[in-house]
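> based on what follows, work out the 3D shape:
(chains A and B)
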Amino acid sequence: MRAILAIAKKDLRLMFRDKGDVFFTFALPALMAVLFGFVFGGGGGGSKIKLALVNESDAPIAARIADDLASDPSFKVDRMETRDAAVAAVRSGKAAAAVMLPASMQQGVDSMLSGGGMSIDVVVDPSRRAEAGLVQGKLNELAFRQFPRIMADQAQMKRMFDGMRRSIESSKELTPGQKLAGGALATAGEAFSRTIAQGSGAAEGSGADKAAAPGFSPVRVAFEELPKREGGPRSSFDVSIPIGIVWGIAGCVGAFAASLVVERTRGTLARLRLAPITRAHLLAGKGLACFFTAMVVQALLILLAVIGFGSSIMQPGMLAVACVFAAFAFTGLAMLIAGLCKTEAEANGAGRGAILVLALIGGGTIPLFFMPPVLETLSYTSPFRWAVMAIEGPFWRDLPFSEQLVPLLVLFSLGLGGFLLGARLGALREAR
Amino acid sequence: MCFPVGCAARPRGDCGRYPTEPVLVLRDIRKAFGSTVAVDGLSLEVRAGEVFGLLGPNGAGKSTTIAIATGLLVPDTGSVDLLGLGSPTDARVRMHLGLAPQEITLYGELTARENLMFLADLYGLASAKARVDELLALVELDTRAADRTAGFSGGMKRRLNLAAALVHDPQLVLLDEPTAGVDPQSRNRILELVRTLAARGKTILYTTHYMEEAAKICDRVGIVDHGRMLDVGSVAELIARHGGDSAVTVERDGAEERVVTADPVAEVARQFASGGVTGVRIDRPDLESVFLALTGRSLRE
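A predicted model of the protein is given here:
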């Protein structure tokens, strides 16, 4: 046991003195976890889309749209005086889009029933199409949200129906009969709008705000969110921490696979083999160092999630078990890569490259539940996927034990297989 | 069998009760890598307390022989016996030998002390710290004990590499080209170290392609080429068997005359007696002459 501990201690000492290994095993995974956490929606408003807003209209509806935009949690609105300033903000990247509420907005609303309509001008950055799409959707939503208010505003409705009557009377295309029918329709519509205003308790011409709340709505949609614990992660860091763990383990596997190859190529392995220890002692010592580092990486990242970002662990005991199985699996993978690689260059190039690819397809960049079907299927070939599944189960998914068993068994099999195969390949290589 | 460890300052070739007992015996060893035969029927015996030199050019099979002697490689045919205990492929037998390989087998990111302490832990030494201190002093690196070895000079690394072979105080020490790539000053320090070890009773198997080193420190030398042992004996015996006669070069009236003779002293006396001699040089045969006679080519080729 003393020899095993001596080898493990030596390997850990070497690893912690290699700045590159420390960065890739500890610093990079923490950075990735934090970065992805913010990208997936955490981080106190960091994900808001920045808008430059210019209100050129003195119409109440323009003011309401401007206020609605400003209070929308999706946007961070910067009000500007001129269109040029707003467009310049988009061009310089300070805003994803410039939204202009034109001076003619009131006329547009007034002529809504006679061929006109409300218009909003938007200038977007072509390189930020995704955000532009969201802005467009949100503006449509806000515009439609004004309709109940418009319909509940008696004065506004009167202006709209007056405009409609004038348009019908001045039309040269309509027959007298059609004009008569149109006028009757306008009168009926105006009468209907009065009943809506009265129903909402709003006085005629008293503005839309009081009427807006319980007023007319063509469709009422009952919207309710699922309880978060059952439906998904409680915070984006619940998702990003397993990603960080993937990268941490990848760094750890790369470092220890390379260390075993380096022992072989630099001759220190010969010195170790001369000592009164068996091959099993040697591999156990090296494996212990890898296992220990993988456990430390996982523990640090989980602590970061709990202390730094307020995550709470659903099943702490099972999470510890999952971490042990993941560390065991990747220790086996490190042994296998060390057995497959002949030279240091192979271990540091092809070996680390293979780990990188496995990490990428196994959930190192995209959370498993965001993956498109093809990638999701492909990800089953990566041990990293099984590690993420094993960790997510007790971390935030709160899965029953029966559902956590398969990933744990797969990880155990991978670890054992990798260890045995790697040891055999290594022995064959040393015998040559 | 008695092989006292560290019996200090005893006479060379006299280790306890069995001064000529073989420590390492290789019998008819053959090892091939594919179609390349590295060792071809080589046999040798290293006796207790002696410094045995394995002299041959690069590629002669010296390092493969060392690897087989340590149990790191298994021969295709033939047998190895260490201290009468059996093959060094057995870990219990192997722990009686120490190896300083041709490569520097140290961890550059560990300090000199950490490198040796690691090996002491591997061998389970009880008084590891005291032993490491002793070795650091022996190889004159005690003042650099806390420095990482990556920053050491070639000579310092070589000395520490040698110290690493001695951590567990083995009876047999195998030094594979221990002076390769070091400056003359460091080479002298390493040779001095080998002499010190020999004086302390260690049995040493020393491979080199420098005949001067073999002549300086080895009690017996085996000449190896193409994986075969061509002859074994003390330097004097080898020269007597294969070196041929000495050459006496006499300078007279600005001209040189070269005379090959078995008795150079008598020849010099005869030349002086005949008068007019302005200069004399005697070229005695050396290991280079032996190698040339045995292989038909120079050791340095």
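
> elements contacting whichever strand or helix holds A:Arg79?
Mapping A:Arg79 onto the secondary structure by DSSP states H and E places it in strand A:75-80. Strand A:75-80 is packed against strand A:49-55, helix A:60-71, helix A:83-91, with contacts defined by 3 or more Cβ pairs under 8 Å, 6 or more residues apart in numbering or on different chains; DSSP states H and E. Just so you know, the C-beta spots here come from the backbone N, C-alpha and C atoms, and that holds for glycine as well.

> any chance of the ones you listed in JSON lines, with distance to chain B, mean pLDDT and mean neighbour count too?
Shown next, in JSON lines, are these (distance: least, Cβ to the nearest Cβ, whole Å; pLDDT from 0 to 100; neighbours: other Cβ atoms under 10 Å in any protein chain shown):
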{"stretch": "strand A:49-55", "distance to chain B": "48", "mean pLDDT": "88", "mean neighbour count": "21"}
{"stretch": "helix A:60-71", "distance to chain B": "57", "mean pLDDT": "85", "mean neighbour count": "18"}
{"stretch": "helix A:83-91", "distance to chain B": "52", "mean pLDDT": "87", "mean neighbour count": "17"}
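
> and stretch A:310-318, what's buried?
With burial defined by 16 or more other Cβ atoms under 10 Å in any protein chain shown, the residues of stretch A:310-318 counted as buried are A:Ser311, A:Ile313, A:Met314, A:Gln315, A:Met318.

> excluding its backbone neighbours, what's nearest the fourth one?
Closest residue in space to A:Gln315, ignoring its immediate chain neighbours: A:Pro394 at 3.7 Å, by Cβ to Cβ, 6 or more residues apart in numbering or on different chains.

> with the third one instead?
With Cβ to Cβ, 6+ apart as the measure, A:Asp398 is the residue that lies nearest to A:Met314, at 4.0 Å, once sequence neighbours are left out.

> burial check on the one you found, number of neighbours?
When counting by other Cβ atoms under 10 Å in any protein chain shown, one arrives at 14 neighbours for A:Asp398.

> likewise the one 4 residues further on?
The number of residues packed around A:Ser402, counting by other Cβ under 10 Å, is 7.

> ok, A:Pro372 next?
Applying other Cβ under 10 Å, we find 9 residues neighbouring A:Pro372.

> quick one, phi/psi of it?
Summarising the backbone geometry of A:Pro372 under the convention degrees, to the nearest 10, its torsions are phi -70, psi 160.

> before we move on, the earlier item: and the residue nearest to A:Met314, how far from chain B?
Spatial separation of A:Asp398 from chain B under the definition Cβ to the nearest Cβ, to the nearest Å is 44 Å.

> I'd say B:Arg158 and B:Asp183 touch.
No: between B:Arg158 and B:Asp183 no contact is recorded; they are 10.3 Å apart, counting by Cβ atoms under 8 Å.

> show me what contacts B:Ser246?
The neighbours of B:Ser246, taking Cβ atoms under 8 Å, 6 or more residues apart in numbering or on different chains as the test, are B:Val260, B:Thr261, B:Ala262, B:Pro264, B:Ile282, B:Asp283, B:Arg284, B:Pro285.

> any of these buried? List them.
Using 16+ other Cβ under 10 Å as the burial test, those include B:Pro264, B:Pro285 as buried.

> what residue in the stretch 251-400 of chain A comes nearest to chain B?
Chain B sits closest to A:Gly267 of the stretch 251-400 of chain A, with a gap of 3.8 Å, by Cβ to the nearest Cβ.

> can you tell me how far that residue sits from B:Asn161?
Here A:Gly267 is placed at a distance of 10 Å from B:Asn161 (Cβ to Cβ, to the nearest Å).

> those two: which has the busier surroundings?
The neighbour count for A:Gly267 versus B:Asn161, taken as other Cβ under 10 Å, is higher for B:Asn161 (26 against 15).

> need the residues of chain B near chain A, please.
Along chain B, the residues adjacent to chain A under the rule Cβ under 8 Å from any Cβ of the partner chain are B:33, B:67, B:70-72, B:74, B:91-92, B:94-95, B:97-99, B:101, B:103-107, B:109-110, B:114, B:118-119, B:121-124, B:164.

> in strands, which of the residues you listed fall?
Cross-referencing these against strands under DSSP state E gives B:Phe33, B:Leu97, B:Gly98, B:Leu99.

> pick the one among the residues you listed closest to A:Phe325.
Proximity to A:Phe325 was ranked across those by Cβ to Cβ; first place goes to B:Leu99, at 39.5 Å.

> what's the closest non-adjacent residue to the closest one?
What sits nearest to B:Leu99 in space, not counting adjacent residues and going by Cβ to Cβ, 6+ apart, is B:Leu174, at 4.8 Å.
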